[in-house]
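> curious how this folds, go ahead:
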Amino acid sequence: MIRKVTLLVAALAGLTGSFVRAAAQSQSSGAGGNPVIFWAHYMPMVPHGHMHAHPYSGGNHDAWPFDAQHALLQEDYEEDIRQALDSGVNGFQMLIFVPEDIFEAARKVRKETGRMFYISPQWAYANPKTFEETEKRIVEFYEKHLNDPHVYMKDGSQVHFVWESAKISDVAALQKKLQDKGLKIVLAPTIRSLTSPDLEPARIADLGLRAAEGWMHGAPEGEEPRALTESLAGPTAGGFLYVPSIAAGYDSSNRPGQFIHVPFRGVRTLVDSLRTWVSLGYRQLVLVTWNDPQESLEIPSSRNIWGHNEILSFFHGVAGDGQSPFADSKVVVSYPVECMAGDEFFFQVLGLPARGKNLEWRAQVALHPVGVADARGAVILRSMSEGPADRESLLEMRWDTSGIVGVVPAVQPVVSVDYRESGGEWQPLYQNVALPPTRLRFNLIQYPVPYAIDLARMAAEPKLALSVQPGGMLDTVALTIDGDPSAIRKVNLNDGTRSLGAFREPDAAGDFPLRDIFVRIEASEDRPLTLAAEGGVIRDFYGVSGRLNDALKTVNAPTATFSIRPLNSEARSRVARLDLSPDARLTLNYVKGDPSQAVTANLDDLRHGAARTVSIGGKPATLSMILTADMTDANIDYPVKTGPWRRTIPLHREEDGPILLYAMALLKNDRVAISPPVWVERPGSDPLVAARWMATGGTFEDFVNPSSETTLNPLSLDRVIAGFVPRSEIPWFRLDLEEGAGTRLNDRGISQQAGRASIETGGLKRDELFKAGIAGDWEWLESGHRGRALRLGGDSVIRFRSKSSPVGAQTTSLWVEVKASERGEKSRWSTLKAGPFRLEILSGRESLLAFDRGGVKLERRVETAFQPGWNHLVFVYDLSSVRAYLNGADLGEVIAEKPAYQRTHIMPSIGFSGTPSAGPAFTGVLDEVQVIGAGLGPADVAALAEFPEPEISNPKAP
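From the prediction side, this is the model:
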């Protein structure tokens, strides 16, 4: 049974969260004479500050780091080491190779500060086929650093870690080879499970292993950690070094085709993991990647405002002598960057007492509505700890959003925290601290990783104010600063935790009114290119590189010759910063290309993107340009001196819907100031449309399995709500397939854009999905159902970004070409897969309709009457059933026993497969693909056949 609600009568005034008492968390001191080392996994093979984003696909992805990009690699490492030491991390495990620069940096930091930092290799791919190569690298490292104090030693032997790509038995065999040569090296392989047979004492003794490190997702549960500890302390495995992992959340959804999300549970996973292992006496732990702000939360960034770092520092001190290392008490808060409508919003307050203090905590959070025209009161949440404690206390508050779906698009938390010592009076520690906003997003999550914020890092001064003047092609964002701008390192415009670029001091005055316009340029061949700006000037080019001098090249001329790849970089695109006149034209070509093949575009062309396939060196190549937001890496500092500042930027509100913006200033004293948030509406009318969602009664991560990262769907149909939502809030992604060249689809030039897709060819690595000019069994066609079309082969698919799929209810509409086929005919296919939907042609009259989402699998045979040529297919899932339409005819319904969300491993694709029988078959040609985050009714389905983006409305809406 589905509940019905009318949302416009929902009122926030008077709503309060429940009063929650949260128990103080336990802690226990470590013991022993070994040093306390909190290791962090470190990847030296990727550009500093950009990390796992290859290929460089534009924008700054989920988050931007607070470290600065330097001209020298050693300077990068020095800053990383200083940040890590200040965060309780005093060791890096360097994946695969160890640059000498890291040792020089560690020596310099030690000389200047007296603080020791450990460095260990973390080898990979150790197997008999590569023993010789791996052994050579190990011996080289061993001899070079034989007496280096920065290399951790166990019983006189260097400890080298080995990544999980290697089998434990292979590592043991390699260990024996090294020992037979008289090398004092201990190899510590990665072992995933606490109950792995490889961790049994008899197995350890048989293999001759002396060390291992763990790798697990989520906090350790039950008695497993204690049982493992007792087992490893026995006589059989005596002296065995085990380094537990703290996988306190991991998220790879910034990658084009992967969405592994390990629950952070705010900061609870981190706190529970640290408390467990430290209380069992462990003095070495390993954390997920330090230098990757996209996939972990260890490095300070726009979503980790030193929150994780203060927690790590606290437990590092506890592991040392059992007490808090802080002279002053600290508070870390955590809450979602985005909360999916219908889920519960959570807010955590973690109190970390100063040394020798026994404190009780209480907190109040006011959630102020953003983007609501009429005045509404704030939602008030309160919580208090159960009593004074000399250890950490975690308070958690929740608020059910299911009743305000479509009414309030965003909230801004304002938090106050008090404390008191045993028997004392309450003392205010923080009062009315305004924090970055949370978007309440319907049926989609772009930013699943929560904030972790040290409240001491939130600065009240200088005060920032942001305003947005919507335009047609370009929007204007203005910033004013009330206070001393000399205290600022940089100010970035934020959408969630993603940077849309920095506010910059203007260049020398010129004749062109549009300043700092950014255009992404891609070329499939790494050959010299030329760019000419008629009615403009090229200021500079940026491309990802580990060295700032290689990444950023100044031009200040109307024409430039350049390479698509910066020196020492794997980047596959560049961004040009230009000053332009409104009627400017850009011309892009290979230096040795035929002038007739050049890509020429004005601003209107660039807004939609201009691409073409050309011939260079006797083979086809791709050239493309598109207007974008600032794609320069956000860890480059652009100090501001004067104001106000204005930025001209394409927000693509018409295509992508409303957007929640705010400015974030990173100060020179390592604090952050933010502006009040601004809700920018989609232009035009915004009617209410019928929609369904679930009142889940939990947070996003309550429904993610921590060990397998799979989606949990324990809810029944009585949790489904039918109501009305503004049209602009519904995810609506259209692929018109008018690009005609290259592999990118529905691309606005920004990596974090929802609805973005690409043509993926099988056999490629997941990070190569956006590589320009990939050859595959797909083909652009000049004539389709409406304009151009795309032909896919059996080895190619349209792959949406991993976070671009609606999570729940969904309509997928597309035009497909069907022709009569002989049995087994090549280039004909029996089956179409479109995200969670599948249709298999069984005969000339019958097909199999199937659906698979979040563990819910449905199928039934349906009668189908395909016509030769173009056919319109629409699939609809409304949380309670699946229905399909062929050329407007209802093919029937499949009832679901329970509703399903797909929260993780979202890699939606559209493609063809299967050997056809004699009769109608898919040719692989398709056009006008639409993915809509609502289950549309028959009238709206019919409208999809007539109009690319019909105005869906509902006359019964209140």
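
> ok, I841 touching R861?
No. The pair I841 and R861 fails to qualify as a contact (CB atoms under 8 Å) at a distance of 11.4 Å. Quick note: C-beta positions are derived from backbone N, CA and C, even for glycine.

> compare these two (neighbour count), which wins?
More neighbours surround I841 than the other of I841 and R861, with 25 against 13 (other CB atoms under 10 Å).

> so what's the more buried one bridging to?
Beta-bridge partners for I841, by DSSP bridges, are S847.

> need the contact list for it.
Applying CB atoms under 8 Å, 6 or more residues apart in numbering to I841 gives the contacts S830, T831, S847, T864, F866, P916, S917, G919, P920, A921, F922.

> and the pLDDT at it?
Here the pLDDT value assigned to I841 is 98.

> which SS state does L790 fall under?
Under DSSP: H, G, I helix; E, B strand; the rest coil, the three-state class of L790 is strand.

> what's the closest non-adjacent residue to it?
Excluding its sequence neighbours, the residue lying closest to L790 (CB to CB, 6 or more residues apart in numbering) is L737, at 4.9 Å.

> list the contacts of that neighbour.
Residues near L737 by CB under 8 Å, 6+ apart: L745, G784, G787, R788, A789, L790, L926, D927, E928, V929.

> for it, give its distance to T923.
Counting by CB to CB, to the nearest Å, the gap from L737 to T923 is 15 Å.

> between I841 and R861, which contacts overlap?
Common contacts of I841 and R861 (CB under 8 Å, 6+ apart): S847.

> report the buried residues of stretch 350-370.
350-353, 357-370 (16 or more other CB atoms under 10 Å).

> P528 and F562 touch, don't they?
Yes. Using CB under 8 Å, P528 is in contact with F562, at 7.3 Å.

> between the two, point out the one with more neighbours.
Using other CB under 10 Å, the more surrounded residue of P528 and F562 is F562, with 19 against 14.

> give me the pLDDT for the more buried one.
At F562, the model reports a pLDDT of 95.

> so where does S827 fall, helix or strand?
Following DSSP states H and E, one finds S827 outside all helices and strands.

> can you pull the contacts of it?
G793, T923, G924.

> rerun at 7 Å
Each residue near S827 by CB atoms under 7 Å, 6 or more residues apart in numbering is listed here: T923, G924.

> packing partners of the strand ranked longest in the chain?
Ordering each strand of the chain by length in residues (DSSP state E) puts strand 573-590 first. When contacts are defined as 3 or more CB pairs under 7 Å, 6 or more residues apart in numbering; DSSP states H and E, strand 573-590 sits against strand 514-523, strand 529-542, strand 599-602, helix 603-608, strand 619-628.

> please repeat the previous calculation with a cut-off of 8 Å.
Contact partners of strand 573-590 among helices and strands, from 3 or more CB pairs under 8 Å, 6 or more residues apart in numbering; DSSP states H and E: strand 514-523, strand 529-542, strand 599-602, helix 603-608, strand 610-616, strand 619-628.

> tell me the strands beside the last one, with direction?
The reference is to strand 619-628. strand 514-523 (antiparallel), strand 610-616 (antiparallel).

> any chance of a markdown table for those, columns mean pLDDT?
Converted to a markdown table, the strands paired with strand 619-628 look like this (pLDDT from 0 to 100):
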| stretch | mean pLDDT |
| --- | --- |
| strand 514-523 | 92 |
| strand 610-616 | 92 |
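
> redo those as TSV? Include mean neighbour count and distance to V271.
Formatted as TSV, these follow (neighbours: other CB atoms under 10 Å; distance: least, CB to CB, whole Å):
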stretch	mean neighbour count	distance to V271
strand 514-523	23	41
strand 610-616	18	49
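
> ok, and what's touching the helix or strand containing Y142?
If you go by DSSP H and E, Y142 is part of helix 131-144. With contact meaning CB under 8 Å, 6+ apart, helix 131-144 is reached by 97-98, 121, 123, 125-126, 158, 160, 173-174, 177-178, 181, 183, 185.

> go again with 6 Å.
Contacts of helix 131-144 with the rest of the structure, by CB atoms under 6 Å, 6 or more residues apart in numbering, involve P121, A126, L174, L183, I185.
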